[in-house]
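Asker: Give the three-dimensional model of this entry:
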Amino acid sequence: MANKRDLKKDVTNLTLNVLSDCILYIELYPESEAEKFNNIMNGVVDLEVETRKKINAAKGLKGKELKAHYKELKEAYFGGVTGFFSEVDEMFSSKEK
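Answerer: The predicted model follows:
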């Protein structure tokens, strides 16, 4: 089971990876649709904030309940971040053609 600190670090690192990919794309292609990347960046930050709130709200849980709660949060967050990475990857792929 991941502990609270490690889960928060994973959430932060993945959020920063999406943000850095978006910023890199905007810098490489200034004529690109920056609005789409702003929406992606806002979405991933909102997802991080909501996930952190849910992580912190688990104070009364212990044992199996806590483990299940963290697993659910981890799956939901990673699923959301994967979607954002896919969107960014599509944008990069379309520019490379």
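Asker: now the chain, which segments are flagged as low pLDDT?
Answerer: When the per-residue scores of the chain are filtered using pLDDT under 70, the ranges that remain are 1-2, 96-97.
Asker: Just the helices from it, written as ranges.
Answerer: Ranges of helices in the chain, per DSSP state H, are 4-28, 34-56, 63-96.
Asker: angle of the shortest one against helix 4-28?
Answerer: Spelled out, it's helix 34-56. Following axes from the mean of the first three to the mean of the last three C-alpha atoms, to 10 degrees, one obtains 180 degrees for the angle between helix 34-56 and helix 4-28.
Asker: Can you give the contact residues for helix 34-56?
Answerer: Contacts made with helix 34-56 from outside it, assessed by C-beta atoms under 8 Å, 6 or more residues apart in numbering, are listed as 4, 7-8, 11-12, 15, 18-19, 22, 25-26, 69-70, 73, 76-77, 80-81, 84, 87-88, 91. For the C-beta atoms, the positions are set from N, CA and C on the backbone; glycine is no exception.
Asker: could you redo the last one with a cut-off of 6 Å?
Answerer: With contact meaning C-beta atoms under 6 Å, 6 or more residues apart in numbering, helix 34-56 is reached by 11, 15, 18-19, 22, 26, 73, 77, 80, 84, 87.
Asker: Kindly reformat the helices of the chain as TSV containing mean neighbour count.
Answerer: Output for the helices of the chain, formatted as TSV (neighbours: other C-beta atoms under 10 Å):
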stretch	mean neighbour count
helix 4-28	15
helix 34-56	16
helix 63-96	14
